[in-house]
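Chemist: with the sequence up front, the predicted model follows.
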Amino acid sequence: MKNYIQPGNVLTLVASAGGVKSGELVVQGAIVAVAATSAAAGEEFEAKIGEVYELPKTAAEAWAVGDPVYFDAANKMATSTAGTNKLIGVAAAAAANPSGSGVVRLNPSFSA
């Protein structure tokens, strides 16, 4: 196909204010990804979409496998609290209360 560009599991994005560090969860519009490289604000970086990552989470939550996981933008961490938070994936492993991180399978498709 002459219109094919790439598989799409890695996208080149531009870092927002404050920049981005490799391994950090990135939410830009409807894109939810993990930075594969670090970049200063305004610089391009590679971001991986989908797949499974250990991410910082709200410590006072227990997760069961398959629980929906959301992004708490104010605290920059994963949470099981829906509210106005963006759905980013599902728990891929149980997480205890308390614990500072959880294993998340990121949604490979975009959610508005």
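Modeler: Structure received. Remember, it's a predicted structure, so these values are computed and weren't measured experimentally. Numbering: from 1, shown residues only.
Chemist: name the residues that touch stretch 27-40?
Modeler: 10-11, 13-16, 19-26, 45-49, 51, 53, 55, 71, 73, 86, 88-89, 106-107, 110-112 (CB atoms under 8 Å, 6 or more residues apart in numbering). For glycine as for every other residue, the C-beta is placed from the backbone atoms N, C-alpha and C.
Chemist: using CSV, list the CA coordinates for the lowest-mean-pLDDT helix or strand in the chain.
Modeler: When the helices and strands of the chain are scored by mean pLDDT, DSSP states H and E, strand 25-28 comes last with a mean of 93. Extracted in CSV, the C-alpha atoms of strand 25-28 (Å, rounded to 0.1, in the frame of the first residue of the first chain):
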residue,chain,number,x,y,z
LEU,A,25,2.9,8.5,31.3
VAL,A,26,2.0,11.0,28.7
VAL,A,27,-1.6,12.2,27.9
GLN,A,28,-1.9,14.5,24.9
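Chemist: quick check: next helix or strand after that strand?
Modeler: Once strand 25-28 ends, the next helix or strand along the chain (criterion: DSSP states H and E) is strand 31-35.
Chemist: average pLDDT for that following strand, rounded please.
Modeler: The average of the pLDDT scores along strand 31-35 is 95.
Chemist: so the helix or strand following it versus strand 31-35, what angle?
Modeler: On the C-terminal side of strand 31-35, the closest following helix or strand by DSSP H and E is strand 44-48. Angle of strand 44-48 versus strand 31-35, following axes from the mean of the first three to the mean of the last three CA atoms, to 10 degrees, is 100 degrees.
Chemist: could you pull out the buried residues of stretch 49-56?
Modeler: 49-50, 53, 55 (16 or more other CB atoms under 10 Å).
Chemist: before we move on, back to that, just the buried ones from the contacts of stretch 27-40, in PyMOL syntax?
Modeler: Here is the PyMOL command that selects the buried residues among the contacts of stretch 27-40 (16+ other CB under 10 Å):
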select buried, resi 11+13+15+20+24+25+26+45+47+49+53+55+71+88+89+106+107
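Chemist: narrow the contacts of stretch 27-40 to those in strands?
Modeler: Residues of these located in strands (DSSP state E): 10-11, 13-14, 25-26, 45-48, 53, 55, 71, 86, 88-89, 106.
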